[in-house]
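> everything below, folded, please.
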Amino acid sequence: MGGYSDWKQHAASLDDVYEFNPTTILNVRYGFYRLSIYQYPKPESMGFDLTTLGFPKSYADAIPPDVRVFPAISISGYQGTQNNWWRYPHPNQSLEMHVTAIRGNHALKFGGSGRQYRIFQYEPHNSSTGIFEFGTTWTRGPLDNSPSSPIGQGLASLLFGLPTGGGVDRKASFAEQSTVWSLYVQDDWRVTPNLTVNLGLRYELEGPMTERFNRTVRGYDFKTASPLEAQVKANYAKNPITEIPAGQFRLLGGLTFPGVGGLPRTLWKRDINNFMPRAGFAYTLGEKTVLRGGFGIYFAPLGLQRGDVGPTQYGFSQRTELIPSLDNGLTFRATLSNPFPDGIQEPRGAADGLMTFLGRSVRFYDETPKAAYQQRWQLSLQRELPQRLLFEAAYVGNHGVRLEITRDFRYLPVKYLSRSPVRDQATIDYLSAQVPNPFYPLLLGTGLSGTTVSRSYLLSSQDYAHFTGLSTTMYEGYSWYHSLQVKTERRFAAGWTVNAAYQWSKNMEATGRLNGMESLLEYVVSDQDRPHRFVLSGIWELPFGKGKRFLGTAPAVADKILGGWQVQGVYTAQGGAPLGFGNALFIGNIKDITLPESQRRPEMWFNINAGFERSSARQLGSNYRLMPTRFNDVRSDGFNLWDLSVLKNTRLREGLNLQFRGEFLNALNHTLFGSPNTSPTSTAFGQVTSQRGYPRRIQLGLKVLF
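Reported below is the predicted structural model:
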């Protein structure tokens, strides 16, 4: 197991400034940056002989020797095996032009830029040898829909030699590109000696992403019936379920591809209305007080800066699914002794058209995306105080608009969810009941290979039962951020400076739903919310040596030893992240969950006896969820860190200096606890079993300055 990682960076830049006249300057810049990441397994694991693990020779021969390594094994409740293996170079380049022109009371700035982003990837990974999952499907009981135990049942599946899932990947490489073009103009207008106004406008036009050889999905055809519809409808009509009459059962559409069927090579249409106004002011109230404010709009990217085509290369990347059973475990056709009895499927690209990737879960691009944007504003008051002190207080706000969220086309309508406050076994049994699979035997080797499917699968299919999952993006999410930020700075003088900053904030978001697409977005505290943050930093030049208060006339040797010392420190205190408990059954007062800070300890971070149902057999399922995703007052451990450093500058001769630096990160060796276990059925519920960050680190270095 394990492997190696190589990181290589190359960068180049050109910068030219041309002065037309004393009040007009042109600045032209070009920049290139390439980061290449190569992760690969240990050489001794290359060409691994799979037959030594008991796999048949036919399976071992089906894996190309140049990607054959120890397979990925995932056991529920245990750490899996992993062999990262991929090449990931991505070069970026940009060309910018900026003009600054001073005209009277106006400082005009305008210009533009063009940026090109590219990503290339080759990723065989160890799933190209095979991934074998051992869950609880075959070992839980007494019923097939009984809750799983916290640990052990996955290991039992391994001992029986009965995987619950997995597959073999044939992964495509990709070479993708997107561009961004921008123009801007800004005017810094000194209206009066006390008032300066900043007005600006920026426009960005982002080019749609492309893949060099069109090896990706583009969108979805919602107008054409699936080529399978007639045959599957006939099968369904033989055994329809009550809720969906045979006449209403439909299969609509399939995946589309760039450059196929008259579609363009681009993966979506441009969003052309990304205008970003900015406005600000600075007003002087007397000699020592300044009032500042500003507002601006900032758009988020849609192209490579957001993600790549790797997850949407359906048809070009192909997984041969490991299908253990076609009858829900009554008999087994795929075991460790013969995991892929039908052989390994090879990718066919876009050749299958609307039939591509049927029986699997897919995600496609929204062909008319809308870039999310942030509205940001700030109002601050800055005051100079005696003793070289500077005080500033600011209100900072942010409103996220059109945030990208998931649009699920296959969801279970809320009318089928149980409204019982406790586990509703009758509803669970009804929805999980197995009914004849209308796709059998049309999609062998996929997630619809079995002779049966659950009733809930058909009820959540809408018109897309031929895909086990179907989703894209939509732009209805939003967020709010408000903060009070206070900062005090003692400017550097007499050999020392101190800065202190405090932030009190609230971050709320609505980017997900608790009960599928028919429910409203959940407005909840963000996982990025940290209500309190305090940072204290300082620098002190020790007053010893030449030109200092003490030993100013010391001999040269003593001065080189005792002079030039500097001590620095940074203290950071920050609140922890909010926690949630999933679809937990809780009967009690939620205010009782939080323990006073003095009572929190790794063995019990919150009150596990506040009202949580701990029994696996009584957990909720197929229910209308009311438990929020996160709680504002139940949080993980925060930061409480001191980082210290000592620096010594020694002058060796004219133009030559030696610098010694000692850094003590987490100097007091304070433990930062990880998040506690929030699964009520776990024996470790409420316990902290890991830590974040690092123990004390000491770094020593010497630097020659000339």
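> nearest residue to T671 other than its sequence neighbours?
Of all residues not flanking T671 in the chain, Q691 sits nearest, at 5.6 Å (CB to CB, 6 or more residues apart in numbering). C-beta here means a position set from N, CA and C on the backbone, and glycine is covered the same way.
> what's the burial count for that neighbour?
Q691 has 13 neighbours, counted by other CB atoms under 10 Å.
> go on, the one 4 residues further on?
When counting by other CB under 10 Å, one arrives at 11 neighbours for P695.
> quick one: the helices in this structure, in order.
Under the criterion DSSP state H, helices of the chain are mapped to 57-62, 153-160, 229-238, 425-432, 455-459, 556-562.
> any idea how far the shortest one is from the chain center?
Put plainly, it is helix 455-459. 31 Å (CA atoms, centre = their mean, to the nearest Å).
> CA-only coordinates of that helix in PDB, if you can.
Output of helix 455-459 as PDB, limited to C-alpha atoms (Å, rounded to 0.1, in the frame of the first residue of the first chain):
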ATOM      1  CA  ARG A 455     -41.300   0.100  -4.500                       C
ATOM      2  CA  SER A 456     -39.600   3.400  -3.400                       C
ATOM      3  CA  TYR A 457     -37.400   3.200  -6.500                       C
ATOM      4  CA  LEU A 458     -40.300   3.300  -8.800                       C
ATOM      5  CA  LEU A 459     -42.200   5.900  -6.800                       C
END
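> average pLDDT for it?
Averaging pLDDT along helix 455-459 yields 97.
> now the longest one
Per-residue pLDDT values across helix 229-238 average out to 96.
> sort out which residues of that helix are buried, please.
229, 232-233, 235-236 (16 or more other CB atoms under 10 Å).
> by contact count, what packs against it?
Contacts defined by 3 or more CB pairs under 8 Å, 6 or more residues apart in numbering; DSSP states H and E place helix 229-238 against no helix or strand at all.
> neighbouring contacts of it?
226, 246, 249-252, 436, 438-440, 442, 465-466 (CB atoms under 8 Å, 6 or more residues apart in numbering).
> just the ones of those residues in strands?
Members of the contacts of helix 229-238 lying in strands (criterion: DSSP state E): 252, 436.
> now which of the contacts of helix 229-238 would you call buried?
With burial judged by 16+ other CB under 10 Å, the buried subset of the contacts of helix 229-238 is 226, 249-252, 436, 438-440, 442, 465-466.
> count of neighbours near the nearest residue to P64 once chain neighbours are set aside?
Leaving out its chain neighbours, the residue that sits closest to P64 by CB to CB, 6+ apart is S128, at 8.0 Å. Neighbours of S128 under the rule other CB under 10 Å: 23.
> residue contacts, S128?
With CB under 8 Å, 6+ apart, S128 has these contacts: 63-64, 67, 168-171.
> out of these, who's the most crowded?
Neighbour-wise, the contacts of S128 (other CB under 10 Å) top out at V168, 24 neighbours.
> and R618, what's its pLDDT?
In this prediction, R618 carries a pLDDT score of 94.
> and if you look at V28?
Residue-level pLDDT assigned to V28 equals 98.
> check N126 too.
65.
> could you number the chain from 19 rather than 1 from now on?
Yep, numbering from 19; the last one is N144 now.
> got a list of what W583 touches?
559-560, 562-563, 664-666.
> which neighbours in the sheet does the longest strand seen in the chain have, and how are they oriented?
For the chain, the strand with the greatest residue count under DSSP E is strand 487-511. Each strand that pairs with strand 487-511, with its direction, by DSSP bridges: strand 379-381 (parallel), strand 407-426 (antiparallel), strand 514-528 (antiparallel).
> give the buried residues for the first one.
Just to be clear, that refers to strand 379-381. Those would be 380-381, for strand 379-381 by 16+ other CB under 10 Å.
> not counting it itself, show me its contacts.
With CB under 8 Å, 6+ apart as the criterion, strand 379-381 contacts 235, 273, 329-330, 332, 465, 485-490.
> what about 7 Å?
Contact with strand 379-381 is made by 273, 329-330, 332, 485-490, as judged by CB atoms under 7 Å, 6 or more residues apart in numbering.
> one more: the second one?
Taking CB under 7 Å, 6+ apart as the criterion, the residues outside strand 407-426 that touch it are 388, 390-403, 489-509, 529-530, 534-535.
> what about D577, how many residues nearby?
D577 - counted by other CB under 10 Å - has 20 other residues nearby.
> go ahead and confirm it touches G563.
Yes - counting by CB atoms under 7 Å, D577 touches G563, with 4.9 Å between them.
> so L322 makes contact with M227?
Yes - L322 is in contact with M227 according to CB under 7 Å; the separation is 6.4 Å.
> those two: which is more packed in?
Legend: neighbour count by other CB under 10 Å for L322 and M227, higher for M227 (25 against 20).
> show me what contacts that one?
By CB under 7 Å, 6+ apart, the contact list for M227 reads 194, 196, 285, 321-322.
> rerun at 6 Å
The contact partners of M227, taken as CB atoms under 6 Å, 6 or more residues apart in numbering, are 194, 196, 285, 321.
> next one: L269
Counting by CB under 6 Å, 6+ apart, L269 touches 244, 246-247, 250, 484.
> what residues does the lowest-mean-pLDDT helix or strand in the chain touch?
Lowest on mean pLDDT, DSSP states H and E among the helices and strands of the chain sits helix 574-580, with a mean of 80. Contacts with helix 574-580, where a contact means CB under 6 Å, 6+ apart, come from 562-564, 569, 668.
> what about 7 Å?
Contacts to helix 574-580, defined as CB under 7 Å, 6+ apart, come from residues 562-564, 569, 572, 668.
> max pairwise distance over those residues: which two?
L569 and T668 (14.8 Å; CB to CB).
> surely P226 meets T284?
Yes - assessed by CB under 7 Å, P226 is found in contact with T284 at 3.7 Å.
> okay, these two: which has more neighbours?
Remark: of P226 and T284, P226 carries more neighbours, 22 against 18, as counted by other CB under 10 Å.
> what sits against that one?
For P226, the contact set (CB under 7 Å, 6+ apart) comprises 284-288.
> out of those residues, who has the most neighbours?
L285 (28 neighbours).
> against P276, how distant is that residue?
6 Å (CB to CB, to the nearest Å).
> likewise D545?
For D545 relative to P276 (CB to CB), the value is 34 Å.
> please apply the same query to F691.
48 Å.
> ok, the two, which is more surrounded?
Taking other CB under 10 Å, F691 and P276 do not tie; P276 has more neighbours (25 against 19).
> right, and the more buried one touches V327 too?
No - using CB under 7 Å, P276 makes no contact with V327, being 9.8 Å away.
> overlap in contacts, these two.
In contact with both P276 and V327: T234, using CB under 7 Å, 6+ apart.
> which ones are touching the residue lying closest to G377 once chain neighbours are set aside?
Of all residues not flanking G377 in the chain, T464 sits nearest, at 2.7 Å (CB to CB, 6+ apart). By CB under 7 Å, 6+ apart, T464 lies in contact with 339, 376-378.
> if we go to 6 Å?
T464 touches 339, 377-378, counting by CB under 6 Å, 6+ apart.
> what's the answer for L399, then?
L399 makes contact with 309, 411 under the criterion CB under 6 Å, 6+ apart.
> which residues does it bridge with?
L399 forms beta bridges with L309, A411, as assigned by DSSP bridges.
> in this structure G593 contacts H550, no?
Yes - shown here, G593 and H550 form a contact pair, counting by CB atoms under 6 Å, at 4.7 Å.
> mind putting the buried residues of helix 247-256 in a markdown table, distance to L180 included?
Converted to a markdown table, those look like this (distance: CB to CB, whole Å):
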| residue | distance to L180 |
| --- | --- |
| E247 | 35 |
| V250 | 30 |
| K251 | 34 |
| N253 | 29 |
| Y254 | 30 |
